[in-house]
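**Student:** just coords:
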DNA sequence: ATCCGGAGGC
DNA sequence: GCCTCGGGAT
């Protein structure tokens, strides 16, 4: 099981369809992608609930709020000062340059759209790819800390590869398929939470354990 | 009390 | 490469 697609099939067989970010608007996906930076998703949920209660889930509504008000609403997600500024800026760009339309911001050749997102303050590689994939439904593979940890433990990465190198490898080895990329990243997150935790990993419960270097080395250790 | 973990500025 | 931003989880 050395192929990335074989890993996907194994995860799918264990965890089934994840159906990520199914019912949200594209702009809500952008909000979530920024709020979840360096933060657990559970913290983000309360922040989004606050934004929803305050009716601030569209670019037009968000640009009208003061930085201070946004900061208070998203406080549960942490890093609230920089994240409030990032949200306000991307909302401003959407309203002023793209008619408030996320699809327009993410249109054109994939590399060009990605570069456009990366040029925005507070949008780095992972956030850009999350927006492209989950908001704009474009085939850009999302790499995160869980991806790096899981595939390093498996023995398929060294752990020191740069973000782009990991993304390039997934995109070279897998077909450019939006549902596949969507599901694969979601399954990686699930595995990282259920088995492949940083602390107290549960290798006996892991569907990949039979082919994992880390699981073999950890056998019969506490 | 420590861990978790993106982006940017240096 | 190292540091800061900040909460919630453990």
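**Tutor:** Looks like it arrived, so ask away. Keep in mind that this is a model prediction, so the values were computed, not measured. Residues are numbered from 1 along each chain as shown, chains lettered A, B, ... in the order given.
**Student:** Only C-alpha atoms from now on, for both contacts and neighbour counts.
**Tutor:** Fine.
**Student:** Reduced to three states, what does the closest residue to residue A:78 other than its chain neighbours come out as?
**Tutor:** Nearest residue to residue A:78 in three dimensions, chain neighbours excluded: residue A:39, at 7.2 Å (C-alpha to C-alpha, 6 or more residues apart in numbering). Using DSSP: H, G, I helix; E, B strand; the rest coil, the structure places residue A:39 in coil.
**Student:** pLDDT below threshold where in chain A?
**Tutor:** Residue ranges of chain A with pLDDT under 70: A:1, A:22-23, A:220-222.
**Student:** Show me which residues of chain A are close to DNA strand C?
**Tutor:** A:38-40, A:42-43, A:75-83 (C-alpha under 7 Å from any atom of the strand).
**Student:** if we can go back for a sec, now for the residue nearest to residue A:78, how many residues are close by?
**Tutor:** Neighbourhood size, residue A:39 [other C-alpha atoms under 10 Å]: 14.
**Student:** With the one 4 residues further on instead?
**Tutor:** The burial count assigned to residue A:43 is 16, neighbours taken as other C-alpha under 10 Å.
**Student:** That one: helix or strand, and which one exactly?
**Tutor:** In this structure, residue A:43 sits in helix A:41-53 according to DSSP states H and E.
**Student:** List of residues touching the following helix or strand past that helix?
**Tutor:** Using DSSP H and E, the next helix or strand after helix A:41-53 towards the C-terminus is helix A:59-63. Here helix A:59-63 makes contact (C-alpha atoms under 8 Å, 6 or more residues apart in numbering) with A:27, A:55, A:56, A:88, A:91, A:92, A:94, A:95, A:100.
**Student:** Could I get the contacting residues of the fourth one?
**Tutor:** By C-alpha under 8 Å, 6+ apart, residue A:88 lies in contact with A:62, A:63, A:67.
**Student:** need the contact list for residue A:210.
**Tutor:** Taking C-alpha under 8 Å, 6+ apart as the criterion, residue A:210 is in contact with residue A:216.
**Student:** repeat for residue A:105
**Tutor:** Neighbour list for residue A:105: A:94, A:98, A:113, A:116 [criterion: C-alpha under 8 Å, 6+ apart].
**Student:** Of those residues, keep whichever come out buried.
**Tutor:** Buried members of these, counted by 16 or more other C-alpha atoms under 10 Å: A:94, A:113.
**Student:** From the contacts of residue A:105, pick the one nearest residue A:17.
**Tutor:** residue A:113 (28.1 Å; C-alpha to C-alpha).
**Student:** helix or strand for the residue nearest to the spatial centre of chain A, which one?
**Tutor:** For chain A, residue A:130 is the residue whose C-alpha lies nearest the centre (C-alpha atoms, centre = their mean; 4.6 Å). In this structure, residue A:130 sits in helix A:125-130 according to DSSP H and E.
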